[in-house]
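Chemist: Generate a structure from the sequence data that follows.
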Amino acid sequence: MTDTTRLSRRGALGLLAVPAFVGRAAAQAGEWPNRPVRYINPYPPGGPTDTLSRLYCARMSEITGQQFVVENRSGSGGNVGADAIAKSTADGYTIGLGGVASHAIAPTLYRSLPFDPEKDFTLVAGLWQLPNLLAVHLDLPARTVPELIALLKANPGKYTFGSAGSGTTLHLAGEMFKQLAGVDMVHVPYRGSAPAQLDLVAGRISMMFDNIPGTLSLSRQGQV
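Modeler: Numbering: from 1, shown residues only. Predicted structure coming up:
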């Protein structure tokens, strides 16, 4: 079963970010880019953000004539990658993906972060917004959301839901679902959507909240 969720935050926002003051440094360096550009994706290979990041970099390579190379720096719900962007040289040759998880949610969850979401980055552009999707394992005896809620209420704490990591929009989608539906299930965080999708297909987790591109293809293939 798959079902798109209509929560107050319907999806994950992808923002192109660079280290602070990069504009001045790039201008001083002359025409940009005159060498390869590193693009940091704060999530692992195989997930929806990785796919979209590679499409973006391929297009930028075509437009500029310089290579845009994707570097995956996953962990801590996107914070590891965000820190790598913040600590890179502000010369225009390291850019990366930011988003709601690292730049809005993380500051409310952690007492301290290794980066300042407001001061350490220059936001360049909005790249995409991905709606969320709820998918369950094929053996779960529920094919609609009302059936799923009834199952969860009858078995509090028995079932698990995966997400791309603690503090991500997908984790919060699951917690909001629990609150609105009045159910109890166990959160299993992963380092990105791709490993969670593998465990969902294998039945190691009961369900997951994900961005549409990755899990929708699994649904169309009859795997979830």
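
Chemist: list the contacts for residue 107?
Modeler: Listed by C-beta atoms under 8 Å, 6 or more residues apart in numbering, the contact partners of residue 107 are 113, 117. (Glycine included, C-beta is placed from N, CA and C.)

Chemist: gap between residue 218 and residue 71?
Modeler: 26 Å (C-beta to C-beta, to the nearest Å).

Chemist: need the helices for this structure, in chain order.
Modeler: Assigned by DSSP state H, the chain shows helices spanning 22-28, 48-64, 79-86, 100, 106-109, 145-154, 169-181, 193-202, 212-220.

Chemist: Which neighbouring elements make contact with the longest strand belonging to the chain?
Modeler: In the chain, with assignment by DSSP state E, the single longest strand is strand 121-136. On a contact count with 3 or more C-beta pairs under 8 Å, 6 or more residues apart in numbering; DSSP states H and E, strand 121-136 meets strand 2-4, strand 11-19, helix 48-64, helix 79-86, strand 94-99, helix 169-181, strand 207-211, helix 212-220.

Chemist: Residue 66 is in contact with residue 34, correct?
Modeler: Yes - with contacts counted by C-beta atoms under 8 Å, residue 34 reaches residue 66, the gap being 7.3 Å.

Chemist: Between these two, tell me which one has more neighbours.
Modeler: The residue with more neighbours, out of residue 34 and residue 66, is residue 66; 15 against 12, by other C-beta atoms under 10 Å.

Chemist: Identify the residues contacting residue 71.
Modeler: Contact partners of residue 71, counting by C-beta under 8 Å, 6+ apart, are 38, 39, 40, 41.

Chemist: Quick one: which of those is the most crowded by neighbours?
Modeler: Going by other C-beta under 10 Å, residue 41 tops those with 26 neighbours.

Chemist: beta partners for it?
Modeler: Going by DSSP bridges, residue 41 is paired in beta bridges with residue 72.
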